[in-house]
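Participant: build the 3D model from these lines:
(chains A and B)
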Amino acid sequence: MQATRDFSHYVRHLGSGLSHIDLAVEGVNCAGCMSKIERGLSALPDVTLARVNLTDRRVALEWREGTLDPARFIDRLAELGYKAYPFEPVRAEAVETEQASFLLRCLGVAAFAAMNIMMLSIPVWSGNVSDMIPEQRDFFHWLSALIALPAAAYSGQPFFRSAWTALRARRTNMDVPISIGIVTALAMSVMETIHHAEHAYFDAALMLLAFLLAGRYLDQSMRRKTRAVAGNLAALKAETATKFIGADEISVVPIAAVQAGDIVLLRPGERSAVDGNVIEGQSKIDQSLITGETLPVKAGPGTAVYAGTLNLSGALRVRVSAASEGTLLAEISRLLDNAVQARSRYVQLADRASRLYAPVVHTAALLTMLGWAAYGATWHDAIVTAISVLIITCPCALGLAIPAVQTVVSGAMFRTGVLLNSGDAIERLADVERVVFDKTGTLTLPELDVTNALDVPQDVFELAGRLALASHHPVAAAVARASGARKPLAGAEEVAGQGVRGFVRGLEVRLGRPSFCGADQIANDILHRDPEASVVAFRHGETRHVFAVRQRLRPDAAAAIATLVKAGIEAEILSGDREPAVRHAAEQLGIHEWRAGVTPADKIVRIEELKRRGVKVLMVGDGMNDAPALAAAHVSMSPVSATHLSQATADLVFLGDRLAPVVAAIGFSRKALLLMRQNLWLAAGYNLLAVPLAIAGLATPLVAAAAMSGSSLLVILNALRAHRGAKELG
Amino acid sequence: MEVLVFLVPLALTLGALGLAGFLWSLKNGQYDDLEGAGWRAIADDEPASEETLPSAGSGRH
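Facilitator: Sure, this is the predicted structure:
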C-alpha cells in the first residue's frame, strides 16, 4: 500500500488566484542555503514566490492555484538536501508577531519624536544662557509640543494600556509610575509653555518612551525567536497519521485533519498520534511515554491506544475514539489544569522592584511639594519642582535593567541549546534547590541502544545492521543505528511476529526473536545478567549472536548530576517505571532519593510535599505523565524529544542528547539574577544622585536628559556581561 | 532669524520622511528576517528577480 500525502490542510488561498504555504526547513543556516533553496524552488513552473526566512528557518511559497501539489515542494527540497515540513502558524505566534511589529512602530515614532525635539531643545538650552528672546523660546516649545503630544499618545499605548489594566484590577506594576511620569511631564510642559517659562520637559518624556520601548522590544523579540524555533521543532516532528480514505486506500494527513470515527493505520515502529481502539491486528505497545513503564503491553482488537504510545510489532487498524472522556489523556489534562491553577503566582523581580519603587517615589514628590510650599515658594513653583522629581525618577534604567539581561542571557542559553518558553523562568530557575528528574526519556536517551556491541565482531554487527534496516521494529532500528549500516540488504523480507531474513552469498541470515534464530540459550544467559534488556538474535549460517538492547543513560548524565550535587543542589528521581530499572539508574548516577512506579497524580503529590517544605523544585520530564508535575513545580524543563503536552507546559526546553544544558541553564540563570540585581542597584544609585538635585529644584531638562541616557547606557553595558563566565555553577 | 521659517519646516519634513520610510519598510516585511537580510547583502549571485519579491500583502506571515 503506497500512501499519498495530503497537505491541503496547510495551504492558504490568498485570493487573486494564488495559494500560499509555509514550510519549516531543517539545516538552513547560511547565505548559500538561502539562494540555493530560493533558486531551486523558483525554477518550478508557476511558483510566484519562494522566500527563505533565515531567522525563523522557514520558507514561504506562493503559486498559481491548482497547478501544483504542495508535496512537490517537499520533494524538491529533499532533492536539494533539506528536510522540510509544512508548518501551521500557531495563533499565539501570530499574535506575538503582531505585537512585535506594533512595538517596533511605537519605537520608531518615539525615536523620531525624541530626536526632533532634542534638535529643538538644544537651541533653547544654549539660548537660555545667551541671547534668545522669550518669543523664540516659546515658538520652539510649541513646536516641541506639536511633535511630542501626538507621538507620546501613539507610542505610549503599550504602557498606558498595561497601567490601566493593572489599576482597574487594583494592582500596580512598573507601567503605572511610567505612565504617571510621562503624562505629568507632558502636562506640566504644556502648562509651562503657556506661561512662557524657561523649562519644558518634552524631550525627557519622549526619550524616556524611546528607551523603555527599546527594552520592551528586546524582551518581545527574544520570546518571539524562541517560540518560532520551538514551533519549527514541533512541525519537524511530523505529527501525521495514516488515514484510510477507502477500503484499502490510505493517505498521510496532518493530525488536525483526523476526526473521531476515522480509521487510521498504525505501522510497526510508528508512534500513535491519536487516541482510539484497535479494530484489527495484533501487536505489542510501548506506553513508556505515557506511564513511564518500559515493558511493552499486548494489544489486539478492543485494546485502547493512546496518543504518544509506540507500536512495536504488528500493523494495527485503529478507530479514532469519539470522545476522550475518561481516557488516560483526559485524566492527565484534568490534573494539568488543576496544577496550573494551583501554581502560586510568582512575582517577578521587576514587579517586586516596582512595588517598592512607586510608593517611595510618589511620597518623595509629595514631600517635595509640601516642603517647598512650607518654605514659602509659590504653589506653582512647588508643583513644578515636585513634577521634576517624578520625571527624573521615572524608571528609565529600571525599565531596561531586567529585559536587557533577559535578552542577553536567553541568547547565550539559545547557543548552548536551551529554549526559554517564559521570560521569568530565568529568575525562578536561579533559586532552584532540588532537581526532580523523570527517568525514561529524560535521564535516559529517548531511543534504545545496543549495550553489548563490543562483544560482537564488527563485520557481523554490520551485516546484522544491514538486515535490521528492513525492519520497522524499534529494537531492530536500535541495532541498525548502533551498527552504522546504511545499505539495506537486498531481498530481505519480514516474517510477521518473528523477525527479518535474507540471503548473503547463498547463506541464510536471520534477525529477530531468539527462537527464530535458534539462540534461546545465549539469550537466556544475557537476560539472566541484565533482566531489564530486550534481546534480538542474529544468525548467519551457523554463527549466532544475541544483541542486548536497552535504554541508555544520557552520555553525560552522571557528570551533570555530580556537578549539581557539588553546587549544593539535590537530585531526585520520580519515575513511573518499575523498581529494578529505577534503582539501577539511580545507583549508576549516585542519586540516593528515588521513587518508582509513580502515577501522574503521585508525582504532583510529591512535588506539593516538597513545596510545602519550602523547597524550590526544578522538574525535568518528557512524558505525558510528567506534564502535571511540570506545571506544579517551581520551574520546569523538558527535552526536545518530549511529548507536545510536556513541552508546552515546561518553562524551558533543551536540545540534544546531553544533560549538560540543564546544568548550564541553572548557571546562566544564577549569573543573570546577579546581574539583574546589580542593575536594579545601579538604577537605585542613579536615583540617589539625581533625586536630591531634583528636590533642590536644580534639575533642568538638560540634567534630566544627561542623567537618563547615562544610566540607561550603564545598565545595558552591565547586562552585556551576562555573555561571559556563566559556564560554572556558582 | 527669519531663516527659521525655512529651516524648521525643512528639518521636520526631513524627519517625517525618515519616519515614513521606516514605517513603510516595517510594513513591507523588511524587519521580518534581520539575519537573512544581512546575508543577502553579500550574496554573490543575482538578487532575486522582481517576481519573487513578496507582495506587500503577504510580507508578514
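Participant: specify the beta-bridge partners of the closest residue to A:Asn311 other than its chain neighbours.
Facilitator: Leaving aside its sequence neighbours, A:Asn311 sits nearest to A:Leu266 (Cβ to Cβ, 6 or more residues apart in numbering or on different chains; 4.8 Å). Any C-beta I mention is one placed from the backbone N, CA and C, and that applies to glycine too. Beta-bridge partners for A:Leu266, by DSSP bridges, are A:Leu316.
Participant: helix or strand: which one has whatever residue of the stretch 201-350 of chain A ends up closest to chain B?
Facilitator: Proximity to chain B, evaluated over the stretch 201-350 of chain A using Cβ to the nearest Cβ, is greatest for A:Ser221 at 9.1 Å. Using DSSP states H and E, the element containing A:Ser221 is helix A:202-236.
Participant: could I get the helix or strand hosting A:Ile180 in CSV with only the CA atoms?
Facilitator: Using DSSP H and E, the element containing A:Ile180 is helix A:175-194. Listed next in CSV are the C-alpha coordinates belonging to helix A:175-194 (Å, rounded to 0.1, in the frame of the first residue of the first chain):
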residue,chain,number,x,y,z
ASP,A,175,3.9,50.7,33.9
VAL,A,176,1.9,52.7,36.5
PRO,A,177,4.8,55.0,37.6
ILE,A,178,6.0,55.2,34.0
SER,A,179,2.6,56.4,32.7
ILE,A,180,2.2,58.8,35.6
GLY,A,181,5.7,60.2,34.9
ILE,A,182,5.1,60.7,31.2
VAL,A,183,1.7,62.1,31.5
THR,A,184,2.6,64.6,34.2
ALA,A,185,5.8,65.6,32.4
LEU,A,186,3.8,66.4,29.3
ALA,A,187,1.0,68.2,31.1
MET,A,188,3.5,70.3,33.1
SER,A,189,5.5,71.2,30.0
VAL,A,190,2.3,72.4,28.2
MET,A,191,1.4,74.5,31.2
GLU,A,192,4.9,75.9,31.4
THR,A,193,4.9,76.7,27.7
ILE,A,194,1.6,78.6,28.1
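Participant: show the average pLDDT along it.
Facilitator: Here helix A:175-194 scores 89 as its mean pLDDT.
Participant: if we can go back for a sec, tell me how far the next helix or strand after the helix holding A:Ser221 lies from the chain's centre.
Facilitator: For helix A:202-236, the following helix or strand on the C-terminal side (DSSP H and E) is strand A:240-244. Centre-to-centre, strand A:240-244 and its host chain are 28 Å apart (Cα atoms, centre = their mean, to the nearest Å).
Participant: partners of the very next helix or strand once past strand A:240-244, with directions?
Facilitator: Moving toward the C-terminus from strand A:240-244, the next helix or strand (DSSP H and E) is strand A:250-254. When pairs are called by DSSP bridges, strand A:250-254 turns out to pair with strand A:4-5 (parallel), strand A:240-244 (antiparallel).
Participant: what's the most buried one of these?
Facilitator: Ranked by average neighbour count under the criterion mean count of other Cβ atoms under 10 Å in any protein chain shown, these are headed by strand A:240-244 at a mean of 20.
Participant: for the longest helix seen in chain B, packing partners?
Facilitator: The residue-count maximum for a helix in chain B (DSSP state H) belongs to helix B:4-27. For helix B:4-27, the packing partners by 3 or more Cβ pairs under 8 Å, 6 or more residues apart in numbering or on different chains; DSSP states H and E come out as helix A:91-128, helix A:134-155.
Participant: ok, the residue nearest to A:Ala151 when sequence neighbours are not counted - contacts?
Facilitator: Once flanking residues are discounted, A:Ala151 sits nearest to A:Ala113: 3.5 Å by Cβ to Cβ, 6+ apart. The neighbourhood of A:Ala113, defined by Cβ atoms under 8 Å, 6 or more residues apart in numbering or on different chains, consists of A:147-148, A:151-152, A:155, A:206.
Participant: torsion angles phi and psi at A:Leu693?
Facilitator: Reported as degrees, to the nearest 10, the phi and psi values for A:Leu693 are phi -60, psi -50.
Participant: wait, isn't it in contact with A:Ile392?
Facilitator: Yes: counting by Cβ atoms under 8 Å, A:Ile392 is a contact partner of A:Leu693 at 7.4 Å.
Participant: compare neighbour counts for these two and give me the winner.
Facilitator: A:Ile392 (25 against 17; other Cβ atoms under 10 Å in any protein chain shown).
Participant: what distance do you get for the more buried one to chain B?
Facilitator: A:Ile392 is 27 Å from chain B, where distance means Cβ to the nearest Cβ, to the nearest Å.
Participant: may I ask which helix or strand encompasses the residue nearest to that residue when sequence neighbours are not counted?
Facilitator: In this structure, A:Ile392 finds its nearest non-sequential neighbour in A:Ala694, 4.4 Å apart by Cβ to Cβ, 6+ apart. Assignment of secondary structure by DSSP H and E places A:Ala694 within helix A:660-695.
Participant: I'd like the next helix or strand past that helix.
Facilitator: Helix A:660-695 is succeeded, C-terminally, by helix A:701-720 (DSSP H and E).
Participant: sorry, back to before: which parts of the longest helix of chain B are buried?
Facilitator: B:12, B:15, B:19, B:22, B:26 (16 or more other Cβ atoms under 10 Å in any protein chain shown).
Participant: hmm, who's touching that helix?
Facilitator: Helix B:4-27 has contacts (Cβ under 8 Å, 6+ apart) with A:101, A:104-105, A:108-109, A:112, A:115-116, A:119, A:136, A:139, A:143, A:147, B:31, B:56, B:59.
Participant: quick check: closest non-adjacent residue to residue 37.
Facilitator: No chain in the question, so chain A it is. In space, not counting the residues next to it along the chain, A:Ile37 is nearest to A:Val52; the distance is 5.5 Å by Cβ to Cβ, 6+ apart.
Participant: meant chain B actually
Facilitator: B:Gln30 (7.1 Å).
Participant: assumed the one you found was part of a helix.
Facilitator: No: with DSSP: H, G, I helix; E, B strand; the rest coil as the criterion, B:Gln30 is assigned coil and is not in a helix.
Participant: for it, give its distance to A:Leu507.
Facilitator: Plainly put, B:Gln30 is 65 Å away from A:Leu507 if you go by Cβ to Cβ, to the nearest Å.
Participant: need the contact list for A:Arg355.
Facilitator: So A:Arg355 contacts A:Thr172 (Cβ under 8 Å, 6+ apart).
Participant: could you point out the longest strand in chain A?
Facilitator: Identified as the longest strand of chain A according to DSSP state E is strand A:543-553.
Participant: how about the helix or strand following that strand, which residues are buried there?
Facilitator: Downstream of strand A:543-553, the next assigned helix or strand under DSSP H and E is helix A:557-566. Of the residues in helix A:557-566, A:557-558, A:560-561, A:563-565 count as buried by neighbour count, 16+ other Cβ under 10 Å.
Participant: is it fair to say A:Lys284 lies in a strand?
Facilitator: Yes: looking at A:Lys284 with three-state DSSP, it is inside a strand.
Participant: from the contact counts, what lies against the helix or strand of chain B with the lowest mean pLDDT?
Facilitator: Every helix and strand of chain B was ranked by mean pLDDT, DSSP states H and E. The lowest is helix B:34-41, at a mean of 80. Using 3+ Cβ pairs under 8 Å, 6+ apart as the contact test, the elements touching helix B:34-41 are helix A:31-42.
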